[in-house]
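Colleague: All I have is the shape, not the residue letters:
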């Protein structure tokens, strides 16, 4: 029971941070005016998907921290979170589609590295990152398509 307050901290950090950054960098008129590929989802999809993913990211971070708070897995997890939180300000805030593509490619690589790194030691954490990796792979494709179209 004593370990669960730290889970709350992870949920607040990740979900709260993600929602705060999302609110601070709302797409707005600039994004609406961009040419988008036919597979671009409706805007209302992004909030619920990211909310669920942020909960999975938080749980995974908490599990990783519980196992070894200063190990390689935790450093990889922290790196992906920094890259995740950097993407929206780069894409929506600074309106830099190309640099945002670089950020999201690095994010995808860090997610895959995390999954590979924890797979044998903590399969559940690896599995919790699979939907996140799949969504970020899709978002990478979407970012690349928007860059190409604009």
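Modeller: On my side now, so go ahead. What you see is a predicted model; the values in this text were computed from it and never measured.

Colleague: Can you pull out the residues in contact with stretch 40-58?
Modeller: 7, 10-11, 13-15, 18-19, 22, 27, 80-81, 84, 128-129, 131-132, 135, 142, 145-146 (CB atoms under 8 Å, 6 or more residues apart in numbering). (C-beta placed from N, C-alpha, C; glycine too.)

Colleague: Now do the same contact list for residue 114.
Modeller: 73, 76, 77, 80, 126, 129.

Colleague: got the buried residues for stretch 104-120?
Modeller: 104, 106, 107, 108, 110, 111, 114, 115, 117, 118 (16 or more other CB atoms under 10 Å).

Colleague: related to what we said a few turns ago, give me the buried subset of the contacts of stretch 40-58.
Modeller: 7, 10-11, 13-15, 18, 22, 80-81, 84, 128-129, 132, 135, 142, 145-146.

Colleague: any idea of the mean pLDDT in the helix ranked longest in the chain?
Modeller: Secondary structure of the chain per DSSP state H: the longest helix is helix 123-149. Taken as a whole, helix 123-149 has a mean pLDDT of 98.
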